[in-house]
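Trainee: here's my sequence, what's the structure:
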Amino acid sequence: MYKSLATGHLGFQPQGFAELLALAKKHGYGAVSYSPQSLENEGIDAFQALDLMGQYGMIISDFGLPVDIQTRESFNNSFPKLEKVARAAAKLGIKRTCTWMMSSSNAYEYAENFKFHTWMFKLIGEVLREYDILFGVEFLGPKHIVTANKYPFVHDINAMLELCDAPGTGNIGIMLDSHHCYASGLAGGEFAKHIRTEKDIVLVHINDCAPGVPLEEVRDFPRFYPGEPGAGANDLPAFMRGLKEVGYTGPVVVEPFSEGLKAYDNDEKVRIISEATDSVWPK
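Mentor: All right, here's what the predicted structure looks like:
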């Protein structure tokens, strides 16, 4: 596995792709998270992007799924974008795209919601499979999200794996977030016993929450970077050892929602996060 830099999770966007690559290289990264759409907006074609990546010794690990899966209407409106973005991603050698899904619904009971998501995931998976791209989906574990709407939905690792299997496209797995594992009752490396093969995981987010909070009261926010003052509820070194145990070879991204980071400039934020990642990396 390898660490990848996603600056959006740190509260800023660099002034273009080249600046991101320079920041990443300076602070010991070999990969960044970036969208083909952002490159297009900057007027950077695939050849220019690949040249820049070569200069900095960098790859793009993943991009955000350009399809909104929250409602049928938003899916129908955004799904037509996918083919173009996937084709551009393939030219750049990007092999992973991810999104999140809500763990409760006012519109559908569980079985109907499962069927609805299977339908969406199958269409997405089929398009991405043509370009050899993996599709990762994040479940949300905190209880307040599961109960936010009338009908609870998928909110733990086993149900998520069942949903990933249901479309049958063979390229769908979990965007595994340490906080959501913890909030769903799987602290540290306990998630590993539920992982069948490395293919179950497409991308990993690591973050932490405050100790002393009863599990049923853990919220989606705040989330801390490894070792941040106020963190320490989850055993992130054990989480990382769990990834090594299951043979995971993909990207690991820190996703904090940190008030403390706001005090630093962008360069310092990246330095802090890089060192925080290294501090929990398996030896």
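
Trainee: contact partners for the closest residue in space to residue 254 that isn't next to it in sequence?
Mentor: Spatial nearest neighbour of residue 254, chain neighbours left out: residue 273 (5.0 Å); criterion: C-beta to C-beta, 6 or more residues apart in numbering. No exception for glycine: its C-beta is placed from N, CA and C like everyone else's. Residue 273 sits next to 5, 10, 225, 254, 256, 261 when contact means C-beta atoms under 8 Å, 6 or more residues apart in numbering.

Trainee: how about the nearest residue to the fifth one, chain neighbours excluded?
Mentor: What that stands for is residue 256. residue 225 (4.1 Å).

Trainee: now residue 216
Mentor: residue 143 (5.0 Å).

Trainee: cool, and residue 87?
Mentor: Per C-beta to C-beta, 6+ apart, closest to residue 87 is residue 131, 6.4 Å.

Trainee: neighbours around the one you found, how many?
Mentor: Look at residue 131: counted by other C-beta atoms under 10 Å, it has 19 neighbours.

Trainee: need the CA coordinates for the helix ranked longest in the chain. PDB is fine.
Mentor: Across the chain, the helix with the greatest residue count (assigned by DSSP state H) is helix 110-129. Taking C-alpha atoms only, helix 110-129 is exported to PDB below (Å, rounded to 0.1, in the frame of the first residue of the first chain):
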ATOM      1  CA  TYR A 110     -34.200  -1.700   3.200                       C
ATOM      2  CA  ALA A 111     -35.000  -4.300   0.500                       C
ATOM      3  CA  GLU A 112     -36.200  -1.700  -2.000                       C
ATOM      4  CA  ASN A 113     -33.200   0.500  -1.300                       C
ATOM      5  CA  PHE A 114     -30.800  -2.500  -1.700                       C
ATOM      6  CA  LYS A 115     -32.400  -3.100  -5.100                       C
ATOM      7  CA  PHE A 116     -32.100   0.500  -6.100                       C
ATOM      8  CA  HIS A 117     -28.400   0.700  -5.200                       C
ATOM      9  CA  THR A 118     -27.700  -2.600  -6.900                       C
ATOM     10  CA  TRP A 119     -29.300  -1.100 -10.100                       C
ATOM     11  CA  MET A 120     -27.200   2.000  -9.900                       C
ATOM     12  CA  PHE A 121     -24.000   0.200  -9.000                       C
ATOM     13  CA  LYS A 122     -24.400  -2.200 -11.900                       C
ATOM     14  CA  LEU A 123     -24.700   0.600 -14.400                       C
ATOM     15  CA  ILE A 124     -21.700   2.400 -13.000                       C
ATOM     16  CA  GLY A 125     -19.600  -0.800 -12.600                       C
ATOM     17  CA  GLU A 126     -20.300  -1.800 -16.200                       C
ATOM     18  CA  VAL A 127     -19.000   1.500 -17.600                       C
ATOM     19  CA  LEU A 128     -16.000   1.500 -15.400                       C
ATOM     20  CA  ARG A 129     -15.100  -2.100 -16.100                       C
END
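
Trainee: so the helix or strand following that helix versus helix 110-129, what angle?
Mentor: Next helix or strand after helix 110-129 toward the C-terminus (DSSP states H and E): strand 134-138. Orientation check (axes from the mean of the first three to the mean of the last three C-alpha atoms, to 10 degrees): strand 134-138 against helix 110-129 gives 150 degrees.

Trainee: pLDDT (mean, whole number) over strand 134-138?
Mentor: The average pLDDT within strand 134-138 is 99.
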